[in-house]
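> okay, here's the prediction I keep looking at, along with the sequence it came from:
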Amino acid sequence: MRKNYEPETKKQIVRLHLEQGRTIKSLSEEYGVSTASVSNWGNQFRKECQNNSQAKEEYDSMQEILKLRKELAEARKENEFLKNENQQADYGIFCEGDRLEAYRFIQSYHEIFGTRWLLRKFNICP
């Protein structure tokens, strides 16, 4: 049996995807909706944006909010990285350019900051 969703529910799910960066898979699991439905609702909203200036402004706003959230998360991680007393003692490894020390640092702190983030910090290709 096919379930019909209210337009507001569809819009809320699309907003979570576009504004907060939630994955289609996580939204489909949380709301009990197929991934195809969530994807179709997103496509419908994008098409609506082409014809409706208010929807276009809303879409642009969602994209800007998502971008700012990502930048804020990155800045918080950077601040935590720099203010943590334990890491400040190891901060000299940036100046020394010692790859072995960088790898040791990554091994010690990968759970806190994430391996990929630390690899970017040290300019190491994954």
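Right, received. Where do you want to start? Numbering: from 1, shown residues only.
> residue ranges with poor pLDDT in this structure?
1-2, 84-97 (pLDDT under 70).
> mind doing that once more with 90?
Residue ranges of the chain with pLDDT under 90: 1-11, 14-22, 31-32, 42, 44-63, 65-66, 70, 73-74, 76-126.
> please enumerate the helices of it.
7-20, 24-31, 35-51, 53-83, 85-90, 93-96, 99-113, 115-121 (DSSP state H).
> mind putting the ones you listed in CSV, mean neighbour count included?
Backbone N, C-alpha and C define where each C-beta goes, glycine included. Listed next are these as CSV, based on neighbours: other CB atoms under 10 Å:
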stretch, mean neighbour count
helix 7-20, 16
helix 24-31, 14
helix 35-51, 14
helix 53-83, 12
helix 85-90, 11
helix 93-96, 12
helix 99-113, 14
helix 115-121, 15
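> neighbours of residue 114, how many?
Number of residues near residue 114 (other CB atoms under 10 Å) recorded here: 13.
> torsion angles phi and psi at it?
phi 90, psi 140 (degrees, to the nearest 10).
> could I get the contacting residues of residue 126?
Counting by CB atoms under 8 Å, 6 or more residues apart in numbering, residue 126 touches 115, 116, 119.
> got the contact list for the last one?
Read it as residue 119. 106, 125, 126.
> surely the first one touches residue 120?
No. Here residue 106 lies out of contact with residue 120, judged by CB atoms under 8 Å, at a distance of 10.8 Å.
> follow-up on the earlier one: out of the contacts of residue 126, which comes closest to residue 74?
Among the contacts of residue 126, residue 116 lies closest to residue 74 (CB to CB), at 12.2 Å.
> leaving out the residues flanking it, which one is nearest to residue 46?
Closest residue to residue 46 apart from its sequence neighbours, by CB to CB, 6 or more residues apart in numbering: residue 59 at 7.1 Å.
> wait, what's in contact with that neighbour?
Residue 59 neighbours (CB under 8 Å, 6+ apart): 18, 45, 46, 49.
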